[in-house]
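*Asks:* Predicted model and sequence below, questions to follow.
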Amino acid sequence: MNVATDFPLREYNTFGMDVTCARFVQIDSADEIPKMADLFDTPHYILGGGSNTLFTDYYNGTILHPAFGGIEMASQSTPTSEGTSSSSVLLRVAAGEPWENLTNYCREHSLYGLENLTGIPGLVGSAPVQNIGAYGVEVKDCIEKVEGYYTDTMQPFCLTSDDCHFGYRDSIFKHELKGRCFITHVWFRLSPQPRFTLTYKALAQALEGREPTLDSVAETVLAIRNSKLPDITQIGCAGSFFKNPVVDQAQHAALLNRFPDLVAYPTGDGMMKLAAGQLIEKAGWKGRREGDAGIYPKQALVIVNYGNAKPEEICNVYRQVIADVKDLFQVTLTPEVNII
Ligand code: EPU
C-alpha cells in the first residue's frame, strides 16, 4: 500500500482536471482491503482508471486506487447437462487490470465475447459498476460473477450476474451497494469458439462480405471509435458524458411528430431509448466551444477539455446542455459520468 497526502489527480482522471485530494492510497493487493476498515468509515472514493469521473473540486477525503492486476484462467470448460464438455472459459481478473490488457489477452488466447468492447479506457473493476457497453455488447453479457468486500462489515462477497441487477449503464453498484463495497475481481465467461455480435450497423457494414475474426472485429471497432471519439491521450474527456435517455411511447410519438428523423431504439420493456448525441446536436451544441471546454465536433455525447479547462467550465457546459435539451425536447439528460 502506498499513501500520499495532498496528491495531484491530473494524471488520474482522463478529463485532465487539475485538482488534488487530501489523501491518495494505492492498493497493491486485494488482501490489503480488509485491513483498511477504519478508512472506509471516513469520506472516500474508489477511483479506477479515472475515465468516467469528473472531479469538480479539491477532494477532502481519501482516493482509493486499485493497482493490483492479474488475469487467471480459472477453468477451461464446464460440463453440460448432456455430460459433454461445453465451450466456455472462465477468467478471473483483478480490479486493477487495465481493460485494454483484458481485450488483448482475449485476442491472444482466442476468447470471444469482449471484442466489441475493445478500446474502452479504464480498469476491469469499474466495468461492472456501469455495465460498460459499446457496439451491441454490454459487459454483463460476459460477466459470471463479481467478487469483493462490503466496506461496512469487511465481509467478502461474491455476486452472480443476476445479483448485480445489470441494466443499461446501471447495476446494483450504483444503487443499494453504492459506496458500500470494493470490487476486487470480476469473473468473465468467454467462448473459445467464434461467436460474434454484429448487430451494430456500422460494424456489420464494415465487415460485410468477409468472415469476421477476433482481430478484424476488434480492429473495426477501434476504427469506428477513432472516427467518433477523441483520443484521450490528446484531448481530455470521459467518453459519453450523458446516458441515452429513455422515454415512453407517447412522448416518443410526440417527439417524432416534431422531429421525423429522431433516432430511437426499443428497450424491450415498451420504452424507447433516444440518442442523446442527436438531441444535443439538434440543440445546437455539437462542436460548440466555450473557452477550453466544449462538445466534441464528431460526437455530441462527449464533453471535452481542450487543454486547461477548469471544472467549473466543464460544469457550465454540461448544465447548459441539459437546459437546452430540456427546452427543446422536454427530455432531461442524466450524466453517466460520476461527478465528484
Ligand atoms: N448521433 C447524432 N449526433 C451525434 C452523435 C450521435 O445524431 O453527435 C446519432 C447517430 O447518428 C446515431 C445515434 O445518435 O444514429 C447513436 O450514435 P452512436 O451509435 O455513436 O452511439 P451513442 O448512443 O451516441 C453509445 C454509447 C457509447 C458507445 C456507442 C456505440 C452511451 C451513453 N454511449 O453512444 O459509449 O461507444 O453507443 O455503441 O450509451 C461511452 O460510454 O463512453 C461510450 C462512448
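*Replies:* All right, it came through fine.
*Asks:* okay, CA-based contacts and neighbour counts for the rest of this
*Replies:* Will do.
*Asks:* distance between the ends of stretch 256-264?
*Replies:* For stretch 256-264, the separation between the terminal residues is 9 Å (Cα to Cα, to the nearest Å).
*Asks:* buried set for that stretch?
*Replies:* V263, A264 (16 or more other Cα atoms under 10 Å).
*Asks:* Contacts for it, please.
*Replies:* L255, M272, K273, L274, A275, Q278 (Cα atoms under 8 Å, 6 or more residues apart in numbering).
*Asks:* Swap in 6 Å and give it another go.
*Replies:* M272, K273, L274 (Cα atoms under 6 Å, 6 or more residues apart in numbering).
*Asks:* Break this protein down into its structural domains.
*Replies:* Taking automatic domain parsing as the domain assignment, the ranges for the chain are 2-66, 71-190, 236-339.
*Asks:* want to throw those domains into TSV with mean pLDDT?
*Replies:* Shown next, in TSV, are these (pLDDT from 0 to 100):
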stretch	mean pLDDT
domain 2-66	97
domain 71-190	93
domain 236-339	97
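*Asks:* and those domains as JSON lines, adding distance to the ligand?
*Replies:* Formatted as JSON lines, the entries for those read as follows, by distance: least, Cα to the nearest ligand atom, whole Å:
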{"stretch": "domain 2-66", "distance to the ligand": "8"}
{"stretch": "domain 71-190", "distance to the ligand": "3"}
{"stretch": "domain 236-339", "distance to the ligand": "3"}
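*Asks:* any chance of those domains in TSV, plus distance to T197?
*Replies:* Formatted as TSV, the entries for the domains of the chain read as follows, by distance: least, Cα to Cα, whole Å:
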stretch	distance to T197
domain 2-66	25
domain 71-190	7
domain 236-339	17
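*Asks:* Tell me which of the contacts of stretch 256-264 fall in strands.
*Replies:* Cross-referencing the contacts of stretch 256-264 with the strands (criterion: DSSP state E) gives M272, K273, L274 as the overlap.
*Asks:* quick one: contacts of stretch 311-331?
*Replies:* The contact list for stretch 311-331, computed with Cα under 6 Å, 6+ apart, reads T56, A283, A293, T332, L333.
*Asks:* Understood, closing this out.
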